[in-house]
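Peer 1: Requesting a structural model of the entry that follows:
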Amino acid sequence: MSDQSTISDHHALPAEVWSALTTDLRARVIWLLAQLAFNLVMAQTEHNSQEVSNVTVTSQQSQNPA
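Peer 2: Below you'll find the predicted structure:
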């Protein structure tokens, strides 16, 4: 077996990684995290509006029996 370490064997703290990034890469990371947050909020909003629509349809159906 080899005693050489692989990249996956090395663990770095987030602060070490962040400090090693260039300003451009830091800006890109911030932008990507903002995109992830935006997409999460939009997905939750869409999910919640679908739940409200289902509740509205169900309550209208129960108020108007055929």
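
Peer 1: alpha carbons only for contacts and neighbour counts from here, please
Peer 2: Fine.

Peer 1: Look up how far residue 31 lies from residue 37.
Peer 2: 10 Å (CA to CA, to the nearest Å).

Peer 1: my bad, residue 12
Peer 2: Plainly put, residue 12 is 22 Å away from residue 31 if you go by CA to CA.

Peer 1: And those two? Which one has more around it.
Peer 2: Higher neighbour count among residue 12 and residue 31: residue 31, with 12 against 8, using other CA atoms under 10 Å.

Peer 1: Check which helix or strand that one maps to.
Peer 2: According to DSSP states H and E, residue 31 maps onto helix 23-63.

Peer 1: tell me the mean pLDDT for stretch 14-32?
Peer 2: On average, the pLDDT along stretch 14-32 is 96.

Peer 1: Make 721 the starting number, not 1.
Peer 2: Noted, 721 is the first residue going forward, which turns the last one into stretch 734-752.

Peer 1: What distance separates the opening and closing residues of that stretch?
Peer 2: End-to-end span of stretch 734-752 (CA to CA): 16 Å.

Peer 1: Also stretch 732-746?
Peer 2: This stretch, stretch 732-746, spans 17 Å end to end (CA to CA).

Peer 1: quick one: buried residues of that stretch?
Peer 2: The neighbour-count check on stretch 732-746 (16 or more other CA atoms under 10 Å) flags nothing as buried.

Peer 1: just stretch 755-767 next, same as before
Peer 2: Buried positions in stretch 755-767, judged by neighbour count with 16+ other CA under 10 Å: none.

Peer 1: got the CA coordinates for it in PDB?
Peer 2: Extracted as PDB, the C-alpha positions of stretch 755-767 are listed here (Å, rounded to 0.1, in the frame of the first residue of the first chain):
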ATOM      1  CA  GLN A 755     -28.800  31.900  -5.700                       C
ATOM      2  CA  LEU A 756     -29.200  28.800  -3.500                       C
ATOM      3  CA  ALA A 757     -31.100  30.900  -0.900                       C
ATOM      4  CA  PHE A 758     -33.300  32.500  -3.500                       C
ATOM      5  CA  ASN A 759     -34.100  29.200  -5.100                       C
ATOM      6  CA  LEU A 760     -35.000  27.700  -1.700                       C
ATOM      7  CA  VAL A 761     -37.300  30.600  -0.900                       C
ATOM      8  CA  MET A 762     -39.000  30.400  -4.300                       C
ATOM      9  CA  ALA A 763     -39.500  26.600  -3.900                       C
ATOM     10  CA  GLN A 764     -41.000  27.000  -0.500                       C
ATOM     11  CA  THR A 765     -43.200  29.900  -1.700                       C
ATOM     12  CA  GLU A 766     -44.400  27.800  -4.600                       C
ATOM     13  CA  HIS A 767     -45.100  24.800  -2.300                       C
END
